[in-house]
Structure formats: C-alpha cells, structure tokens
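1. need a 3D model of the following:
(2 chains)
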Amino acid sequence: MNREDKTSPDCKANLGPSAGSPPVTWKSGASAPRKHTPPDWGFGPGRLRARILAISLLFATHAFAQVTPDRLLHSAKEPQNWLTYSGDYSGRRHSSLDQVNTKNAHSLVAKWVYQTGATGKLETTPLVVDGILYVTAQDDRAFALDARTGRPIWMYQHELPPDIRPCCGRVNRGLAILGDKAFLGTLDAHVIALDSKTGNVIWDVVAADYRKGYSFTVAPLAVKNLIVIGVSGGEYGVRGFIDAYDAETGIRKWRFYTVPGPGEPGHETWEGDSWKAGGAPAWNTGTYDPATNQIFWPTGNPAPSNRGEGRAGDNLYSNSLLALNADTGKLNWYFQFTKHDEHDWDATQVPVIIESEKRDSGQHLIAQANRNGFFYVIDRATGKLISANAYGKQTWSTSKDAEGRPIANKSASPTLEGHTVCPGALGTTNFMAPSYDPQTELFYVTARDQCDIFSTAPQPYEAGHAYYGSAYFPSEQAEPYRGFLKAIDPETGEIKWKFEHTSPTWSGVLSTAGGLVFTGDAEGNFVALDAAAGKPLWHFQMGGAVYAAPISFAVDGKQYLAIAAGSALYAFGLP
Amino acid sequence: MLASFRRSGQIIKRSSAFGRLSALPVRLCAALLAFAVTARAGAQNPFVNDPNAAKAGEYEFRINCALCHGLGARGGGRGPDLTRAQKKHAHNDAEMFAVISNGIPGTAMPANGTNGQGVGMTDEEIWQIITYIRSQEVKAPANPIGNSAHGRELFYGDANCSLCHMVEGKGGRIGPDLSSVGGSRTREAIIDSVRNPSRRLAWGLSEATKEFPQEYETITVVTADGKQIKGVALNEDNFSVQIMDMNEQIHLLEKDKLRSFRKSRESLMPVYTPELLSDKNLDDIVAFLISVGAK
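-> Residues are numbered from 1 along each chain as shown, chains lettered A, B, ... in the order given. Down below sits the predicted model:
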C-alpha cells in the first residue's frame, strides 16, 4: 500500500460526519446531476473544499496513478491491467501476457475466491488497475478488491426501487474506469460515478424513466473524457439510445436515438407510430477506433420482439452496427444485420476491430458473430459488408441480397400456431463476449445449436409492461441443444476447430499470448484450451454455472486469470 | 431486506390495478402483506365465462405461461397440462390466482414478477389468463378411462414398471420417479413415453429437488482395466460422469481415465409394444399414475 492510503483514515476523520457513513445516493428527475448539499458540519463548505483541495494536492504525487484517456488509448503498454470491458478498445478480449502458456497451463491453481453475496447470474467482467480489481454483481453492487488476495477494499450497492423492469435477470456486466472514478449503469437507468478509492458516489444522473422499461445492464465505455453507455429495455418497447456523459460532471454531452424520430433519416422504416415503442436497445459494450474517432456500438431487437405486424419496414436502427463520431454522437454509417427482425435476434454482440497481417487490401475490418447465426465481416471505414457466413445451425435465411447480406425467408416469420426456426430465440450466440487472437488470427465465440417454435400474438403497448408480441417454445422435435466454443477464420468464415460443451454455455472467451483460450461452461468448469487446436489442457470445477467472460491481469509480476461463476469471482494462477 | 422490499412492491403494483392500496406508502405495505393476500384470495374472477377476456388471456398465456405449459395449455416441456379440470394446486379461481401470483414452492412454478423478467402481470391479466384456462378445460369423462387398482397391480407386478421406477417411495431407481408424472403430463404423453421410450427420454419431466436436468441418457463405458459398465447418466460434464448401472450401483468416473465412453439417447427402457402390454392394461397403468399424481 502506498502512503496515500495509509494517511486516508486521518483525512477522513477531518471530514467529520460523512466518514464511515454509507455512500449517499440521491435521485434526480432530470438528466443533469443535482447538486448534493453537504450537511452543516460547523464550518463553511468553502473552507471544507479548500481543505480537501489542500489534502489532495499534498498527496497527489503519491496517489495511485489516474486512469487517463491516454492510458486507455495505449492499454497495450500495460498488459498487467484490464482497463475496459473487452480489455482494449478493439474488443479483442486478448491478453498479451504469456507467463501462463500451453506448457504450464496444466498446473494452474485457484488463488482466491470472492463471494459477492448476490444471487442470480453474474454476467460481470472485472477491471484491474494497478493491483486493484473492480467488479460488479446483481442488483447493482460494485466492489473493489485486492487483486492478489480477493480481500475487499470497498463495497457499494445502489438503492434500487422495488419495481424496476429488468428483462432477463437483475444483472450488470461491469464498470468503466477513467480518472479516479469508476462508472456504473444501474437497473433503474441511472449512471453513477463512484470514487475509485472509496466507492463514494461522486455523481448520479438519471438517464431515463425506469418505470417505462429503461434500464442499464451494460458496462460503460470510457472514451476521451466521455462515458458512453447504451440502454436496455427492448422487451418493454423503449426507444433505444446511446448516451455520452462528461466523466467529470455527469452532464450529458450527446444522445443518439437508435430509433429515428420524425424528420430524421430512417424514420420512414417504421409503420405509423410504431417507432415510439420501437426498442433497438444498446445493451452491450461497443468498441472504439482512435484512428477515425469512431465508436462502434451494436443495437438490439425492434419491439415487439416477435411480432412484425404493425411495424412494417426495416425498423432502423434495430439490429445494426452503428459508427458514431465519438465527440458528437453523429452517425457516420450503419449496417443492419437483420432487417425487420421477428425472432428477438439482438445484434448486440461485441463488434471486434481486426487488424490482420494477412490482409493487404487496405480494408480495415470489424467482425461480429451475430445472434442470427451468421459471422459478419465489415469494412469499418465505410460500413460495407465484406462477408457473411453461417457459423451455426440456421434455417431462417437461404438467400442473400445484392450486398451479400443474408435475408429472411418468408416462411421464417412467426405464426399464431407457431413453427420451428433455427437458431432459437436465444440465438447462436448472445451476450457472451467473443475473443480475437492476433497470434492465431482466429475469432473465438461461444455458439449454441438450438431451434425454437416461434409463435406470435397481438399485444397492445402499455408503458412499463413486457412487450414481446409473442412467445417461443422448445421445439417439439426435442433435439438436444448443443453448445460449442468455435474458432472462426475471419478471412474465410471457415470454422477451424470446435470444442463441444456438455450443454450450451453462456460463458465468454479470453485468448492469451500464452497460446491459450479460456472459457467457462454451464456445468461450472473453467477451462483452458490450446488456442491453435482447441484441445482442453486444464479445468477447474467452480461449482456454479458461468454467465461471465474471463480476463487476465498481473500483479507483482505474476499472471492471473479471473472469471465469475455461480455467485463468486475466482482468480487462478501458477502455483 | 431487498426481498421483502420487492415483495411489498409487488403488492402495491398488483393491487393498484384495483386502486385499493395504490396510495399507501411502501413502509406500511409489509405490515399489510397478510391482509392483502387474504383479501385477494377471496377475490372473485371479474371475467367468468367472458369470451373477450379469454381471448386476451390466450395471448397473455402465450407470452407468460406457454413456455412451460405449452400452446393451448396442454402441457409442455416443463409444466403440467392445464386443460384438465382437476388441478393439483388450485381448486377454484381464487386459488389459481394465488398460485399464479405466488408460485408453488419446491416446483419450477415462479411467483408472478419474480423471475427477473420485469414486474409481471397485472391482476386483470391474471384473471384473463384464468378465464382462458377455464375455457380450454376438458371435462373429465363420466366414466374415467382405466382401472387404477388394476394399474397399481400391473405397475408393481407383471408389467415390471417398478423394477426401474418408483412411485411414492416404492420401486426401482434407474428410471425417473413417477409419483408426480400423472399430475404433470397428459395421458397421451405418458402413453407415448411407454410405447416409444426413446423419443423424448425424460424430456418434460421436471424434478423439483434437482438443480440440473437429468435426461437418463444411456452411458456405456469401458474402464482402464477393461470392465464394461452400462447405465443411466446421473450427471455429466466435460471431464467427469456419474452413472447408475443396472444393479443400482453408482459409478463416479473421470472421462480421461476411461478406455471408451459412449452416450446414447436410446433409452434403457424396453419398448412396450401392444403385444407386450395391451392398450387396456396400459390405460389401467396410466389411470394409476394419474390417481397418484393428481393427489
């Protein structure tokens, strides 16, 4: 521990009654942050501020290093840290650490376990900065842990109202970190900045009305001085958006509505008033290309998810990849994967920026393994489709349009009585984070072969109520569902190898420079595989199903792997 | 704390459809919980025999219930056939309302709004669903099919069912316990499982005490020392398997130590052809299972 931390108890004592009291959360009906009025401590707030300033100046040089925008840009220089949801701006979820490798992976051991005390699914990806690990859990808990031991430094839990509208569990996928703050999106649609040393709330803004179905589950992305975050609520007929907040103040700098309003381009792709409850949420973390200053953010299903009647048209920008100017939120280009979706196939999978040694076409690529069963490679300068190849079982598309985009067969639409379509409603993949390994030049993704019966039913929109227009069922054929880890060659779309799980898993994937791929499974195993061939080299039974993605980091020169399973976070390393 | 908070919140929300408790502060609600449940348990279905409500309920049913109970409420992958007039857990509309609202502890039936899928259905929507279910019910025939007393004799005797299956704590262990199958599966589904045991294995059986699905796949292994073991899977992951052999011995095996491992969806249960078990005798066995399962 450095001197700053040793002196902090005294520093706190000087601050009077607030020391040791639980973090303050305050609600605001507006999108701008409300000023928090400090209690009267017997001396003026001005004097207090001066005093805090003096203390922070005094110790500033000893404070742990701030996570500057520059550090995020050059995260490759500090492979010991895991600074963003996907590990870097490209979304590769690849660690260049190689201490753990194909030769010694068999000897990995559990180093520590942290019990979050939360129940339900842990979909979180931790962040690691200079020896401190930041992680979230259900019901908008956040923790800072000693990354060597798992011992907690602080804990925070957002006070949620009793009537929030989560779609699919009270989950959170992680934090963003910038400066001396960690940023949390909450299930009641707040964006909160926490002091990264104490967990104290620095600011708390309301992005939207949770009573209408808006929520945040996504890990935000810090870009320059902005905190970018996309909303959830495609199951409630929200009007989707992506927001950017000033990290220092919480003031909203821009909002991009993923469903265009009257007069905006794309508005004509919605029938009548259907755009008002059009969905197109943005609930998974996007990527960023500093060279072009573009944020790539994927969007989800149009609402209602399984009923196209009443929203005739392509329903832009649902199920699309958006390229937004990072400073303004203005749309540069879009690519819509599934037009007029009727199967709940959110295109919210991480879009991975790929720099390929093999390519000399001058094209810069971005790739996505989509929930609809196709693997798309797109020119990220123009948004033009380069290739789309099926990487799992699919029956919905047997033809492509002039651009090469798979288009839906008429017979794939849900009917009142229901009929079978593959993939099922859960998709070939879903929120599980993929990985791209620059060494093997393979794209690793968790895939599921499952077909469902899709049926549809009229359902009026009612604010804050589930708005599916449908239901889906296990297929009558009752074929067992199959789950895989697949290694796709982005150049050809070819599947180089696949590893079959006992049953489909929701785990994400990490690749490392040690020639390894790490993933979890539904039976509770954490598995290391040979990245080139897909052969399992090591496993550990964690005792709970995995819904999260692994990361790697190093402290004191030792490499760790971490992943959440059941209701706990696990860290592994060499003996 | 959070749990009770949520629960009281639900009461507020549900009751608000009737405007009874909507104005009450949250902190009073916990105290009023008992009152609220009692009040609703005695509530009347406002839509009895209303065909419009039944139609609205059909759509609600598709969205909220059919995943487990199947289209048309005829039973599905996980939940019982609800077209049967006699229900195990609800004898009238008010009890059905309570079951939908509160779930059934120890089963997969969740309380309304507690499955992490939002705030759940309103009171009005629940009554519509009940009205729909009532509209789908098939009256029990005046003369029930099958002789359950004779079915019991066959089950524990000549038909050899109990060599592998338990009912009410008596019988074998290799196959699924069938004590509740009569309450959770249609007659047709049970007959199909006997005539074509491999078609769905244990698909559709939900066992309340199990956190993992058991499908009773057939596993055949040869151990490192050359011993062949055949049985049903109790559980399995990529690295280990737990099986029960035909003598009800449990074997705990690591896959990488086996000489061979084979998994098949061909059931160990013999195919009961009409020559082996007549339609009439099968009807009797099904009548026995229904008489036990619907208790």
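
2. my guess is B:Tyr132 contacts B:Glu58. True?
-> Yes - with contact defined as Cβ atoms under 8 Å, B:Tyr132 reaches B:Glu58; the gap is 4.9 Å. In this view, the C-beta of every residue, glycine as well, is placed from N, C-alpha and C.

3. so between the two, which is more surrounded?
-> Taking neighbours as other Cβ atoms under 10 Å in any protein chain shown, B:Tyr132 and B:Glu58 compare with B:Tyr132 leading, 25 against 22.

4. element containing the more buried one, please.
-> helix B:123-136 (DSSP states H and E).

5. what mean pLDDT does that helix get?
-> For helix B:123-136, mean pLDDT is 93.

6. what's the pLDDT at B:Val26?
-> The model reports B:Val26 with a pLDDT of 37.

7. low-scoring stretches of chain A, by residue?
-> A:1-64, A:357-362, A:471-479 (pLDDT under 70).

8. and the residue of it closest to chain B?
-> Nearest residue of chain A to chain B (Cβ to the nearest Cβ) works out as A:Pro162 at 2.6 Å.

9. can you pull the phi/psi pair for that residue?
-> Main-chain dihedrals, A:Pro162, degrees, to the nearest 10: phi -70, psi -20.

10. skipping its backbone neighbours, what lies nearest B:Tyr272 in space?
-> B:Val194 (4.8 Å; Cβ to Cβ, 6 or more residues apart in numbering or on different chains).

11. how's chain B carved up into domains?
-> Domain assignment for chain B by automatic domain parsing gives B:2-136, B:148-197+B:273-293, B:218-264.

12. any chance you could map the helices in chain A?
-> Ranges of helices in chain A, per DSSP state H, are A:3-14, A:45-59, A:69-73.

13. give the contact list for A:Trp317.
-> Let me fix one detail, which is that residue A:317 is Tyr and not Trp. Taking Cβ atoms under 8 Å, 6 or more residues apart in numbering or on different chains, we find A:Tyr317 in contact with A:Thr258, A:Val259, A:Pro260, A:Gly266, A:Ala280, A:Thr299, A:Tyr334, A:Gln336.

14. filter those down to the ones in strands?
-> A:Tyr334, A:Gln336 (DSSP state E).

15. now the contacts of A:Tyr317 as CSV including distance to chain B and neighbour count?
-> Below are the contacts of A:Tyr317 laid out as CSV (distance: Cβ to the nearest Cβ, whole Å; neighbours: other Cβ atoms under 10 Å in any protein chain shown):
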residue, distance to chain B, neighbour count
A:Thr258, 21, 30
A:Val259, 20, 28
A:Pro260, 26, 21
A:Gly266, 28, 21
A:Ala280, 18, 32
A:Thr299, 20, 33
A:Tyr334, 29, 17
A:Gln336, 26, 22
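
16. do you know how far B:Ser193 is from A:Tyr317?
-> Going from B:Ser193 to A:Tyr317 by Cβ to Cβ, to the nearest Å gives 48 Å.

17. how many other residues sit next to residue 92?
-> Chain wasn't specified; assuming chain A. Neighbourhood size, A:Arg92 [other Cβ under 10 Å]: 23.

18. if you could check chain B rather than the one you did, that'd help
-> Counted with other Cβ under 10 Å, B:Asn92 comes out at 11.

19. ditto for A:Pro575
-> 7.

20. kindly report the same for A:Ser90.
-> A:Ser90 is flanked by 25 other residues according to other Cβ under 10 Å.

21. repeat for A:Ala402
-> When counting by other Cβ under 10 Å, one arrives at 5 neighbours for A:Ala402.

22. what segments of the stretch 1-150 of chain B are helices?
-> Assigned by DSSP state H, counting those that start in this stretch, the helices in the stretch 1-150 of chain B fall at B:2-16, B:26-41, B:51-64, B:66-69, B:93-102, B:123-136, B:148-156.
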